[in-house]
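> turn this into a model:
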Amino acid sequence: MFDLNLWLTGLAALAGVAVIGWLVSIPLRNVSIVDSLWSLMFLLAAATYLSVSGSNTPRALLLVALVALWAIRLAAYITWRNHGEGEDRRYQQIRQNNDPGFVWKSFFIVFGLQALLAWVISLPLLAAINSKADIGLFDLAGVALWFIGIVFEAGGDYQLYAFKADPANKGKVMDKGLWRYTRHPNYFGDFCIWWGFYLIALGAGGWWSIIAPLIMSFLLLKVSGVAMLEKDIGERRPKYREYIARTNAFFPGPPKSA
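The predicted model follows:
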């Protein structure tokens, strides 16, 4: 069931964390911390919907647990990966393009924008938590898809970390494990996770929340995911062009023959 007041309460909570993140980023001169906050924004939204609605249905508790497992793992990994690295080059470019006054602009174009996106994308969480419908096949399918997603996302992150940690792999392209079948197993995993959340929402009658996984899919494929990462990587790393020629960009599939 769609509850506008409950959804707006979620917006207020996300706006609060956006302000806090922005204030922390100013003395650090590093807006990259928003990447660590991104998944936690969804956990905050889910927790807000759960506490304000007073819902304690099996679906609501299951959904919050799945969001928590995904969000905490991803935030912890990104925070650990970025520790001591300074501001990501993507954000350095945004900073350069928006100076002078980036300190003030960054609230709107970085933290505020991500909070707004998280609010809209949290619609399946709202639908699933604020429903009293019984758990059914859509919920089971959603959990199964979530599980596939977490295997690809967490597995891909771990495999890439292990690959980079080996000095013998310096200058090489990761094309083993899950990376043999898709150039972006972590992004594909995130895709599955959010369509899994939508299936759970669909089981709760929240068909109208489909805008959320569609937006997430667009972001992963065309904006901050595949498209941004591969914008110029072929020019910087010639071996990656060969990897592109034989490996699916997003959806897993067998490698193409040379």
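> show me the helices in the stretch 151-258 of the chain, by range?
For the stretch 151-258 of the chain, the helices defined by DSSP state H, counting those that start in this stretch occupy 185-203, 211-218, 226-229, 233-236, 238-246.
> does F163 touch D175 like I think?
No. Applying Cβ atoms under 8 Å, one finds F163 not in contact with D175, separated by 9.4 Å. Glycine gets a C-beta too; all of them are placed from N, C-alpha and C.
> please identify the most buried of the helices of the stretch 151-258 of the chain.
Comparing these by mean neighbour count (mean count of other Cβ atoms under 10 Å), helix 185-203 comes out on top with a mean of 25.
> relative to helix 211-218, how tilted is that helix?
Here helix 185-203 runs at an angle of 170 degrees relative to helix 211-218 (axes from the mean of the first three to the mean of the last three Cα atoms, to 10 degrees).
> what is the end-to-end distance of stretch 20-36?
End-to-end distance for stretch 20-36, by Cα to Cα, to the nearest Å: 13 Å.
> next, the buried residues of that stretch.
By neighbour count with 16 or more other Cβ atoms under 10 Å, stretch 20-36 contains the buried residues 21-22, 25, 30-36.
> okay, those residues in JSON lines with distance to R241 next?
Below are the buried residues of stretch 20-36 laid out as JSON lines (distance: Cβ to Cβ, whole Å):
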{"residue": "G21", "distance to R241": "37"}
{"residue": "W22", "distance to R241": "38"}
{"residue": "S25", "distance to R241": "35"}
{"residue": "N30", "distance to R241": "32"}
{"residue": "V31", "distance to R241": "31"}
{"residue": "S32", "distance to R241": "28"}
{"residue": "I33", "distance to R241": "33"}
{"residue": "V34", "distance to R241": "31"}
{"residue": "D35", "distance to R241": "27"}
{"residue": "S36", "distance to R241": "32"}
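> so which of those residues is the closest to N248?
Nearest to N248, judged by Cβ to Cβ, of the buried residues of stretch 20-36 is D35 at 25.1 Å.
> which element is the residue lying closest to that closest one once chain neighbours are set aside on?
In this structure, D35 finds its nearest non-sequential neighbour in I78, 5.1 Å apart by Cβ to Cβ, 6 or more residues apart in numbering. Per DSSP states H and E, I78 falls inside helix 58-82.
> following element in sequence after that helix, please.
helix 89-97.
> any idea how far that next one is from the chain center?
20 Å (Cα atoms, centre = their mean, to the nearest Å).
> start the count at 33 instead of 1 going forward.
Happy to do that; since the first residue is 33 now, the last one works out to helix 121-129.
> just the buried positions in it, please.
Under the neighbour-count criterion of 16+ other Cβ under 10 Å, helix 121-129 has 123, 126-127 buried.
> restricting to C-alpha, output it in PDB.
In PDB, the C-alpha atoms belonging to helix 121-129 read as follows (Å, rounded to 0.1, in the frame of the first residue of the first chain):
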ATOM      1  CA  ARG A 121      38.800  11.000  -9.800                       C
ATOM      2  CA  ARG A 122      35.100  11.100 -10.900                       C
ATOM      3  CA  TYR A 123      34.400  13.500  -8.100                       C
ATOM      4  CA  GLN A 124      37.600  15.500  -8.700                       C
ATOM      5  CA  GLN A 125      36.300  16.100 -12.200                       C
ATOM      6  CA  ILE A 126      32.900  17.200 -10.900                       C
ATOM      7  CA  ARG A 127      34.700  19.500  -8.400                       C
ATOM      8  CA  GLN A 128      36.800  21.000 -11.200                       C
ATOM      9  CA  ASN A 129      33.700  21.600 -13.400                       C
END
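> all set, thanks.
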